[in-house]
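Participant: 3D, please:
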Amino acid sequence: MRRSTGEVANFDDDSGLGLITADDGSTVPFHCVAIVDGTRSVRTGSRVRFRLTQRLGRVEAADIEPLA
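Facilitator: The predicted structure is shown next:
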């Protein structure tokens, strides 16, 4: 699948769950294990690159890379 970019709309460190608002306006959920740099955390408002994947019957973000 192709890579997309967007902004972290929110992220909860306690649950490890968050949402990305993609540049096309869609909202995509993610879990901290999808962050590729190993930090398991990302700041709300951060720009990220990611790919879409299907998991448990729903679309979510995977291979999330924070952008400088």
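Participant: so who does Pro66 touch?
Facilitator: 35, 37, 42, 46-48 (Cβ atoms under 8 Å, 6 or more residues apart in numbering). Heads up, the C-betas are built off the backbone N, CA and C, glycines and all.
Participant: please read the previous query as pertaining to Leu52.
Facilitator: Per Cβ under 8 Å, 6+ apart, neighbours of Leu52: 1, 4, 28, 59-62.
Participant: okay, it: pLDDT?
Facilitator: Looking at Leu52, its pLDDT stands at 95.
Participant: so it sits in a strand?
Facilitator: Yes - according to DSSP: H, G, I helix; E, B strand; the rest coil, Leu52 belongs to a strand.
Participant: just the buried subset of the contacts of Leu52, written out for ChimeraX, thanks.
Facilitator: Restricted to buried positions by 16 or more other Cβ atoms under 10 Å, the ChimeraX selection for those reads:
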select :4,28,60,61,62
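Participant: between the contacts of Leu52, which is nearest Asp13?
Facilitator: Ala61 (17.0 Å; Cβ to Cβ).
Participant: could you pull out the helices in this protein for me?
Facilitator: Counting by DSSP state H, no segments of the chain form helices.
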